[in-house]
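Novice: Sequence first, then the predicted structure, then my questions.
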Amino acid sequence: MPELPEVETVRRGLAPVMEGAEVTGLDCRRPDLRFPLPERFAERVTGRRIVSLARRAKYLLADLDDGAVLIMHLGMSGSFRIALPAAPGADTTGADTTGADTTGADGETPGAFQYERSKNAAHDHVVFTLSNGATVTYNDPRRFGFMVMTERAGLADHPMMRGIGLEPLGNALTGAAIAALFQDRRTSLKAALMDQRLIAGLGNIYVCEALWRARLSPMRAAGTIVTKTGRPRAEAERLADAIRDVLGEAIEAGGSSLRDYVNADGELGYFQHRFAVYDREGEPCLRLECAGVIERAVQSNRSTFFCPVCQR
C-alpha cells in the first residue's frame with residue numbers, strides 16, 4: 001500500500017492540474033470501488049471548482065467550492081493518470097499526452113525509472129474532465145481504493161478522519177512531541193510508530209528506515225526513549241529527526257516503487273534504491289563502522305528489517 005511519501009508525491013503531481021479548475025464532467029464507470037461511490041456523485045461534483053488538493057495521513061482531500069470535500073484513498077493499487085491538452089497548433093500524431101515531464105532542472109531523475117502507464121480501460125473507474133482541458137483518470141485494478149464525500153465543517157468527525165494522529169511532515173514532529181505520545185508505552189517502537197492514532201501516515205518501509213537512521217531497535221519499548229518526568233531522551237530527538245529526514249528524502253525521490261505504485265506523471269519513484277534496511281535481509285549493514293548483518297523479524301504480521309548490532 002502506498003505510504004505517506006507516495007501519497008504526497010501524487011498530491012504534488014495532481015495539484016497543478018486540479019487546483020482552481022472546474023470539474024466539467026465526471027464519468028463513473030462502475031458504481032463502486034472498495035465502497036459504493038457517493039450518492040449522486042457525478043451530479044454533486046460536476047460544475048464545482050476544486051479549491052485545493054491536500055493530504056491528511058494517506059488520504060487525498062479535494063476541497064470543492066460548495067463546502068464539500070472529496071476524500072480519496074489509493075488502496076493497494078490505485079493511481080491517477082493525467083492527460084493534458086495539446087498546445088494549439090502542436091502536432092500530436094503519435095504523441096502521448098499522458099502525464100507531464102517532472103524531471104528536475106538538473107536532469108537527475110533517472111530515465112531508467114520512467115514507466116509506461118497501463119491504459120487498460122477496464123481499470124479506469126473514475127474520470128474527471130476539467131475546465132483547463134485536462135482529464136484525470138483514476139485507475140485501480142484491485143479496487144481497494146475509495147472515494148467518499150463529506151462537508152468541510154464536519155471533516156474532523158468523519159470516520160475516516162477521526163482519531164488520526166500527528167502529521168510527521170513539518171515542524172510539529174519533535175522529540176518533545178514523540179515523548180508526549182510515547183510516555184509509559186510498553187509496546188514496541190515499531191508498533192507505536194505504526195499506530196495511526198499517534199503519528200499519521202507512517203508505514204512499514206519508512207518506519208524501518210527511520211529506526212535504522214536513529215540507531216533504535218524496532219523491538220525496544222516505546223516508553224524507553226522518554227524520561228520518567230516525560231521529557232524526551234536523546235533517542236527521541238534522533239528519532240524525530242530521522243523520521244522527518246527519511247520522509248523528506250523519499251518525497252524528493254518520488255517515493256518507493258514497489259509492486260503497483262507509480263506517480264501521477266507515470267514515473268516510478270526511486271527511493272527504494274536508497275533503502276538501508278528494508279528488504280535487505282542477509283546483507284551487510286551500510287554503516288562503515290558496523291559489522292552487523294540485516295535481519296528480518298515479524299511484528300504484528302509485518303516484516304521488520306533492522307541491524308541487530310547498531311540498532312539498540
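Specialist: Here it is on my side, so go on. Numbering: from 1, shown residues only.

Novice: Which residue ranges of the stretch 151-300 of the chain form helices?
Specialist: Under the criterion DSSP state H, counting those that start in this stretch, the stretch 151-300 of the chain contains helices at 175-182, 189-194, 204-213, 234-252.

Novice: Make TSV from those and add mean pLDDT to it.
Specialist: Formatted as TSV, the helices of the stretch 151-300 of the chain follow (pLDDT from 0 to 100):
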stretch	mean pLDDT
helix 175-182	98
helix 189-194	97
helix 204-213	94
helix 234-252	93
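
Novice: which stretch among these comes nearest residue 130?
Specialist: Among the helices of the stretch 151-300 of the chain, the nearest to residue 130 by Cβ to Cβ is helix 234-252 (24.7 Å). The way it works is simple: take the backbone N, C-alpha and C, and place the C-beta from them, glycine included.

Novice: if we can go back for a sec, the helices of the stretch 151-300 of the chain: which one's closest to residue 45?
Specialist: Per Cβ to Cβ, nearest to residue 45 of these: helix 234-252, 28.0 Å.

Novice: Mind checking the helices of the stretch 151-300 of the chain for the one nearest to residue 225?
Specialist: helix 234-252 (4.1 Å).

Novice: Tell me the buried residues in the closest one?
Specialist: Across helix 234-252, burial judged by 16 or more other Cβ atoms under 10 Å covers 235-244, 246-247, 250-251.

Novice: follow-up on the earlier one: turn the helices of the stretch 151-300 of the chain into CSV, including distance to residue 73.
Specialist: Output for the helices of the stretch 151-300 of the chain, formatted as CSV (distance: least, Cβ to Cβ, whole Å):
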stretch, distance to residue 73
helix 175-182, 24
helix 189-194, 17
helix 204-213, 17
helix 234-252, 18
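
Novice: of the ones you listed, which approaches residue 53 most closely?
Specialist: Proximity to residue 53 (Cβ to Cβ) singles out helix 234-252 among the helices of the stretch 151-300 of the chain, at 15.5 Å.
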